[in-house]
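*Asks:* I need the structure of the sequence given here:
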Amino acid sequence: MAGIRQTLSRGIQEDDVFAAADVLLAEGKRPTIERVRQKIGRGSPNTVSPMLERWFASLGERLVGSTAGSASARPAGNDPDGMPMGVRNAARLLWETARREAEEVQRVEMESVRAELQERGNALAEAQAALAQREEAFAQARVSLDSALASSQRARETLELQLNEHAIEAHRVRTGLDDDIKRLTALLSQAGETQERMRREHAEAMAARDQDLRQAEERHAGQERRMLAEVDRARQTAKALESELAREQQRRTKSEEAAAKRLEGELEKLHQVREAARQAEIDLREQLAVQGIELAQTRTQAEALAASVEALQGRIDDEKASHEKTRRMLAEALTSKSAAKGDSPARRRRKP
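*Replies:* Got it, this is the predicted structure:
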């Protein structure tokens, strides 16, 4: 360890990695990139990884080399095949340690991945349920919008029908007023003609009175009084007709003004209904736009969640491949050691 700490002032070397891996192996731990970095105290994973790969590759050769020089005579502490018990125990310990750690890491990671997949599956199910609810709300909002538009259309048609009826009624009233005015004008004309005729008759009577003044003075006076009474009645009749015509015109004018006010009120109501329908349509369209955005965001989140699950599965596959590679390297090291043991000088001397 002192030799490892002395290298802190220079770049990490392969000997540092090999020494740290040997120390970890002697401690009964499986050499990994992170453990080697902690043991050395520095070094990046990209630098340590290839050096550790070379350490694993040379492990079998080193084990064979440690037993080849002592194969002629089995020293104390060696097994019947001439392999040092420490080396065999170290290899066995390395294998068991690597196997247990790999199984534990795989179990923990699988449980973590399974829990994460379960949580994400639950989240995806909730998102799908929320999406279904939003789609249902969207459909209900569309139905409400269609109903509101249909109601607005019916109200507009009803108001237009009422306006047409009011216009027809106003035209009828105006036509009746025109007829009454014509009738009263005709009566006034007749009264004027009657008055003119009476005036002519009066002039003729006056002329007759001048001609026969002395014979018909009394008769002329009576006739004059009668004629004056008729003229006065004619004047009173003309005044009454004129007054009646004025009152009728005022009544027709008030009726037309009332009809016009009612028409303006109906038009204002129609305008308000149209404005309310337009505002309702704008609000519903805004709600539909917001729900569409939320729907797109939910779908994006679901796609991102699926991509994350796929990436996590890829990482699990990579870890499995790494563990399998470690097992294969250890197996190759043990196989190389067994092959080298079969070619030792002690075995060659036992052959006949």
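
*Asks:* helix, strand or coil for Lys29?
*Replies:* coil (DSSP: H, G, I helix; E, B strand; the rest coil).

*Asks:* quick one: contacts for it?
*Replies:* Listed by CB atoms under 8 Å, 6 or more residues apart in numbering, the contact set of Lys29 reads Arg35, Thr97. All C-beta spots, glycine's among them, are computed from the backbone N, C-alpha and C.

*Asks:* relative to Met198, how far out is it?
*Replies:* 147 Å (CB to CB, to the nearest Å).

*Asks:* for the stretch 251-352 of the chain, which segments count as helices?
*Replies:* For the stretch 251-352 of the chain, applying DSSP state H, counting those that start in this stretch gives helices covering 345-350.

*Asks:* tell me how many other residues crowd Phe56.
*Replies:* As a burial measure, Phe56 scores 16 neighbours (other CB atoms under 10 Å).

*Asks:* make that Glu286, sorry
*Replies:* Residues lying near Glu286 (other CB under 10 Å) number 10.

*Asks:* in what helix or strand does Gln215 lie?
*Replies:* In the assignment (DSSP states H and E), Gln215 maps to no helix and no strand.

*Asks:* could you do Asp179 as well?
*Replies:* Using DSSP H and E, Asp179 falls in helix 85-211.

*Asks:* equivalent analysis for Leu59, please.
*Replies:* Going by DSSP H and E, Leu59 is in helix 45-68.

*Asks:* ok, and the helix or strand in this protein with the lowest average confidence?
*Replies:* When each helix and strand of the chain is scored by mean pLDDT, DSSP states H and E, helix 2-5 comes last, with a mean of 43.

*Asks:* which stretches of the chain have low pLDDT?
*Replies:* 1-10, 63-93, 96, 99, 102, 216, 220, 340-352 (pLDDT under 70).

*Asks:* return the distance of the helix holding Asp179 from the chain's centre.
*Replies:* Here helix 85-211 is found 21 Å from its chain centre; the criterion is CA atoms, centre = their mean, to the nearest Å.

*Asks:* name the SS class of Ile12, please.
*Replies:* Quick answer, by three-state DSSP: Ile12 is coil.

*Asks:* for the helix holding Asp179, packing partners?
*Replies:* helix 14-26, helix 45-68, helix 217-342 (3 or more CB pairs under 8 Å, 6 or more residues apart in numbering; DSSP states H and E).

*Asks:* deepest of those helices, which one?
*Replies:* Ranked by mean neighbour count, these are led by helix 14-26 with a mean of 19 (mean count of other CB atoms under 10 Å).

*Asks:* next, the angle helix 85-211 makes with that helix.
*Replies:* Helix 14-26 runs at 100 degrees relative to helix 85-211, counting by axes from the mean of the first three to the mean of the last three CA atoms, to 10 degrees.

*Asks:* got the CA coordinates for helix 14-26 in PDB?
*Replies:* C-alpha atoms of helix 14-26 as PDB (Å, rounded to 0.1, in the frame of the first residue of the first chain):
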ATOM      1  CA  GLU A  14      -0.600  -0.400 -14.700                       C
ATOM      2  CA  ASP A  15       1.500  -1.600 -11.800                       C
ATOM      3  CA  ASP A  16      -0.600   0.500  -9.500                       C
ATOM      4  CA  VAL A  17      -3.800  -1.200 -10.800                       C
ATOM      5  CA  PHE A  18      -2.200  -4.700 -10.600                       C
ATOM      6  CA  ALA A  19      -1.000  -4.100  -7.000                       C
ATOM      7  CA  ALA A  20      -4.400  -2.800  -5.900                       C
ATOM      8  CA  ALA A  21      -6.200  -5.700  -7.500                       C
ATOM      9  CA  ASP A  22      -3.800  -8.200  -5.800                       C
ATOM     10  CA  VAL A  23      -4.500  -6.500  -2.500                       C
ATOM     11  CA  LEU A  24      -8.200  -6.700  -3.000                       C
ATOM     12  CA  LEU A  25      -8.000 -10.400  -4.000                       C
ATOM     13  CA  ALA A  26      -5.900 -11.100  -0.900                       C
END
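
*Asks:* and that helix with helix 45-68, angle?
*Replies:* Going by the same axes, to 10 degrees, helix 14-26 makes 70 degrees with helix 45-68.

*Asks:* helices or strands up against the very next helix or strand once past helix 14-26?
*Replies:* For helix 14-26, the following helix or strand on the C-terminal side (DSSP H and E) is helix 33-40. Counting contacts by 3+ CB pairs under 8 Å, 6+ apart, helix 33-40 packs against helix 14-26, helix 45-68.
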